[in-house]
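>>> Test case, fold it:
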Amino acid sequence: MISLLVHPERRRPSPPALRVDLKPVILVGMSLWAVALVVSVVLLVLDRATFELPATCAAGIVLGMIGLGWERRNRNEYRAQD
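The predicted model follows:
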């Protein structure tokens, strides 16, 4: 173990990264944030939650949209590496 730390060139090469389609993953995450947003708004109306809860859920949805934009922009470059 110590020799690998001292001489990193002796290590085996890292395996290639797995190719995963991120769009479904991002969409599932956004769907879960949307459900949480509906629940948090209901709780807010019932005076059982503060404004931070729906704001956090909305931020999750916005970040998911940004993630979708990033995925779409990089999809063609990713598929070109085949």
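
>>> where's the strand or helix carrying Leu32 relative to the chain centroid, distance-wise?
In this assignment (DSSP states H and E), Leu32 forms part of helix 22-45. Distance, stretch centre to chain centre, for helix 22-45: 13 Å (C-alpha atoms, centre = their mean, to the nearest Å).

>>> same check, this time on stretch 20-33
Remark: stretch 20-33 is offset 7 Å from the chain centroid, using C-alpha atoms, centre = their mean.

>>> list the buried ones in that stretch?
Neighbour counts over stretch 20-33 (16 or more other C-beta atoms under 10 Å) mark Ile26, Met30, Trp33 as buried. Quick note: C-beta positions are derived from backbone N, CA and C, even for glycine.

>>> which regions of this structure sit below the pLDDT cut-off?
78-82 (pLDDT under 70).

>>> now the farthest one out in it, which residue is it?
The C-alpha centroid of the chain is most remote from Ser3, which lies 36.7 Å away (C-alpha atoms, centre = their mean).

>>> mind listing what the residue nearest in space to the middle of the chain touches?
The chain has Ile26 as the residue nearest its centroid, 5.8 Å off, counting by C-alpha atoms, centre = their mean. Counting by C-beta atoms under 8 Å, 6 or more residues apart in numbering, Ile26 touches Gly64, Gly67, Leu68, Glu71.

>>> okay, now the second one: neighbour count?
When you say that, I think you mean Gly67. Gly67 has 17 neighbouring residues, counting by other C-beta atoms under 10 Å.
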